[in-house]
Structures are given as structure tokens and as C-alpha cells.
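Asker: fold the following, please.
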Amino acid sequence: MPNQPTTYLKLHKVPIILALLSAFLYYTFAYQLERTDFIKLLTLFAASFFICYKLIQFEKWNFKFLIITGILFRLIFLAAEPNLSQDYYRFIWDGHLVGNFINPYLAVPNDLILQSDLAIPNAQLLYDGMGDLSAKHFSNYPPLNQLLFAIAALLGGKSIMGSVLVMKTMIILSDIGIFYFGRKLLKKLNRAPHLIFWYFLNPLVIIELTGNLHFEGVMLFFFVWALYLLSEKKWGLAAIPYALSICVKLVPLLFLPFFLKHLGFKKSTGFYALIGLSCLLLFLPFYSADFIANYSKTVGLWFSNFEFNAGLYNAIKQMAIQFDGKPWELIKTYGKITPIITVIAVLLFTFFRDNQKIAVLITSMLAVLTLYYFMSATVHPWYIIFLLVLGVFSPYRYALLWSATVVLSYYAYAKADFKENLGLIAVEYISVYAFLIYEILNSKRQIPFFRKK
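Answerer: Reported below is the predicted structural model:
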């Protein structure tokens, strides 16, 4: 009589082989890839995405297999330095500043590096690594993020890799938390629990969060936790993780007006008060006379100075150039218009949409954030992960497609001058636009994007 492990191997032979192949691809990505090698990057990512699809297809009810596989994929990146992003140098820099009670919102690295008594281990290496763009600006990371950086710097000591290891551990634990609360939320929404694996096994999530140390995963852990508590009618408790989510990344601020209808006036007032108080307590240690001005100026740069992987903005810019428009003037004007349109969209979805049901609330969030990213002049690949999470809890799947096509934007890293390939970006966005239009036009069985419901 065959023993149990042998029987399991026979029954799951193909998924196990696929998981091992995917592990090899991730190992190659983590330790043998230069980001300038776009063809290799694209091939590894595409193959990993295909295997992700097959693993979910074959084993979607085998939760133990998929959760263990997802964790093992992340552990492969544990000892690797990020190879697609240099942001982690600034994270560690800010962490050491906070650990030494220096406010990262009041001094730029360009000035601090000139100090002979600067108490930052590996200061010159961190300064050189973060790049000129980061070095000349104040920190734009909210206070809870700064606290996490400080913990990583403290535990990592004088070792950059030690701090990286601590931050990766934080992100992996956050992903496990997203899996835990995400699965429970899917059950509350009467949706298939295995849908959470489109997040947990997604190559974009694994590569950009654990691999390249973006803290969207930590933000989303608190955000999904808050949504689950809201689905349980525990709005008072939900306010705390929601505030923590804001204090890791500011994006959840965008959705606050939606809770006016979801909770009603009385409860939403209490909800806002708890969030405001929690955020205030976290920001308070960093407050000074110059804090608000410096922080607002740094955040504002994302609207009026930077551009990367833009959809609508690139199309408008190319048309403007045909009529002798100046791109450096266009982005200033465009950057002022984008927030206005976003605020109008938020207000429309707040007052003309019945957001009482959690499923409708999540779809409203997905619609507004999608509009914002479609208009934004800067859409880094890891930004799409927020859409991906919201999409898991909605009937719409275009964010999943976008999580696959956004890798085309990394062509820019293959060039010394970071010049983008507008043809590849067009392929990325046209495919997403087309699929979204298809889903909206075939939304009889879905929660509509635009109709009141």
C-alpha cells in the first residue's frame, strides 16, 4: 500500500513541478538579473505569471499547498538586495535619522551629508545609492513608515543588508496578514476564498514588495484588516487600522468621503474622529513650523514634476508636442488639473452612489483609484497592487491584467537616460482600457462602475 507522501506526490506532480520551476525563475530574478536586461526581465516575469495562473487553476482549493508555495517564493528574495529599485537606501537613511531623533521632514540628504558628525552608518553609501532625485528632496514617507524604517535600521545596525532583511520580514508578514483577512473578507462577500491567491501568488506582488521593498503591502495589510472589520460592523475598531494604513501610505485618504454613506452621518463622524486622532498622534512627534510646508511641497512634486509610465498624460503630451507645446509647462498645468478631477470623482461617488454595502463601497474605491491612475503622470508598477487588491474583492479583473502588462514600463530601465518606449506603454494601457470597457459593457452580473446601486 503506497504511503501518504508518495500518493500526494503522484496526485500533485504537475503543480509541484511548476512550483519548483517558478522558484528557479524567482531565484534567477533575485540573484542573476540586471534591471538593464529588459528581455530577460520580461521573460522571467511572463513565465512566472503564466505559472501563477496554472498553479491557481490546478490547486485553487488546496490552500495549504498554495500558501506554503507563496511563502517559499518570498523567502527566495530574503537574502537578495533589491535590483529594480534604489528606494531602500532612502528608507534606511530615514530610519537612522529617526533613530537618532533627527526629523527626516526638515533636512534633505544633500545638506546632511556635508555634516562631519552625521550619525548614520554607511552614510556615503546610502547617499550615493538613493540617487540625486531623492537626495535633494525632503522625505515623503508618512510617520508609521518612518517608524518601520527606524526599527529596521535599529535591528540592522551598521549592516545595510541587515536592515533590508528586517524590512523584507515586515513585508512578508504583512502579505500573510493580507491573505488571512482577505480570505475572511471574501467569505463575508460570498465570493470564492481562493481569489486571494491572485494577490498572494501574483509575481508583481512578490517581486515588487518582498523583492524590491515597497511598503504597499504593509499599507494594504492595515487597509484589508479595516475593510474586514467594517464588514463585521465594527467601525470603531476599523478606524485604527485604517489610520495606520494612511500613515504608511497616504492613498487611503482618497476614500474617506465614501464612508459618509456607508456608515451614516453619526457613525461616520465617530469614524473620522478616531482616524483623525490616530493620525494626529503619529504625526505629532514630527511636527514643527516647517513640517507642513516641506511635506506638502514634496508630495506635490508627484503631480507637477515627475512622469513615468503615464497613460492619458502621455497621449496628451504627444498631441501637445505636435502643436509646439512645451512638455515642462504642460506637466505643471496637468498636475494642477489631475487633483481637481479626482476630487470631483470622489464627490460624485460619495453623493450619487449607494455605498452602504461593503461590496459597492469597494467597487467605488476601485473606480476612483483607477481614474486617478489613468490620469496620473507617474504610475510605478507597484502602484497597481492597490488596484489588484480591490479587484480581488470585486467582480472586475482588469487590474489583474494590468498587473501583468505593467512590466512593459520597465523598458525605461534598459536605457541609460531612462527613456521610455511609448509603443510598449501604449500596448500596456490599450489592453487595460479595452478589457475594462469589455467588463463595463458586460456588467449585468456585476456591481456596475457607474450606475447607482
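
Asker: from residue 252, how far off is the closest residue in space to residue 407 that isn't next to it in sequence?
Answerer: In space, and not counting its chain neighbours, residue 407 is closest to residue 45: 4.7 Å by C-beta to C-beta, 6 or more residues apart in numbering. No exception for glycine: its C-beta is placed from N, CA and C like everyone else's. Using C-beta to C-beta, to the nearest Å, one gets 28 Å for the distance from residue 45 to residue 252.

Asker: ditto for residue 348
Answerer: Residue 348 is 19 Å from residue 252, by C-beta to C-beta.

Asker: the two: which has the busier surroundings?
Answerer: residue 252 (23 against 14; other C-beta atoms under 10 Å).

Asker: my read is that one is in a helix, agree?
Answerer: Yes: looking at residue 252 with DSSP: H, G, I helix; E, B strand; the rest coil, it is inside a helix.

Asker: for the helix or strand hosting residue 281, packing partners?
Answerer: Using DSSP states H and E, residue 281 sits within helix 265-283. Judged by 3 or more C-beta pairs under 8 Å, 6 or more residues apart in numbering; DSSP states H and E, helix 265-283 is in contact with helix 143-156, helix 235-246, helix 259-263.

Asker: the second one relative to helix 265-283, how many degrees between them?
Answerer: With axes from the mean of the first three to the mean of the last three C-alpha atoms, to 10 degrees as the criterion, the two stretches helix 235-246 and helix 265-283 enclose an angle of 40 degrees.

Asker: model confidence score at residue 5, please.
Answerer: pLDDT recorded at residue 5 is 69.

Asker: ok, residue 119 next?
Answerer: pLDDT, residue 119: 84.

Asker: look up how far residue 290 lies from it.
Answerer: Distance of residue 119 to residue 290, computed by C-beta to C-beta: 21 Å.

Asker: please tell me how far residue 416 sits from residue 37.
Answerer: Residue 416 sits 14 Å away from residue 37, going by C-beta to C-beta.

Asker: residue 87 too?
Answerer: Applying C-beta to C-beta, the value for residue 87 to residue 37 is 20 Å.

Asker: of these two, who's got more company?
Answerer: residue 87 (19 against 14).

Asker: surely that one meets residue 133?
Answerer: No: with contact defined as C-beta atoms under 8 Å, residue 87 does not count as touching residue 133 (10.6 Å).

Asker: in the stretch 1-150 of the chain, which ranges drop under the pLDDT threshold?
Answerer: Along the stretch 1-150 of the chain, segments meeting pLDDT under 70 span 1-5, 7-8, 10.

Asker: quick one: the helices in it?
Answerer: Along the stretch 1-150 of the chain, the segments classed as helices by DSSP state H, counting those that start in this stretch run 4-11, 13-31, 38-59, 63-76, 87-99, 109-112, 123-135, 143-156.

Asker: could those helices be laid out in a markdown table, adding distance to residue 338?
Answerer: Formatted as a markdown table, these follow (distance: least, C-beta to C-beta, whole Å):
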| stretch | distance to residue 338 |
| --- | --- |
| helix 4-11 | 52 |
| helix 13-31 | 33 |
| helix 38-59 | 29 |
| helix 63-76 | 34 |
| helix 87-99 | 23 |
| helix 109-112 | 28 |
| helix 123-135 | 20 |
| helix 143-156 | 23 |
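
Asker: and of these, who's closest to residue 219?
Answerer: When the helices of the stretch 1-150 of the chain are compared by C-beta to C-beta, helix 143-156 sits nearest residue 219, at 8.4 Å.

Asker: show me what that closest one packs onto, helices and strands only.
Answerer: Packed against helix 143-156 by the contact rule (3+ C-beta pairs under 8 Å, 6+ apart) you find helix 87-99, helix 160-188, helix 265-283.

Asker: ok, and the closest non-adjacent residue to the residue most central in space within the chain?
Answerer: When the chain is reduced to its mean C-alpha position, the closest residue under C-alpha atoms, centre = their mean turns out to be residue 216, at 3.7 Å. Distances taken as C-beta to C-beta, 6+ apart put residue 385 closest to residue 216, at 5.0 Å, once the chain neighbours are dropped.

Asker: what residues does whatever helix or strand that neighbour lives in touch?
Answerer: Using DSSP H and E, residue 385 maps to helix 384-392. With contact meaning C-beta atoms under 8 Å, 6 or more residues apart in numbering, helix 384-392 is reached by 178, 182, 186, 195-196, 198-199, 202, 204-205, 208-209, 214, 216-217, 219-220, 223-224, 251, 362, 365-366, 369-370, 373, 397-400, 402-403, 406.
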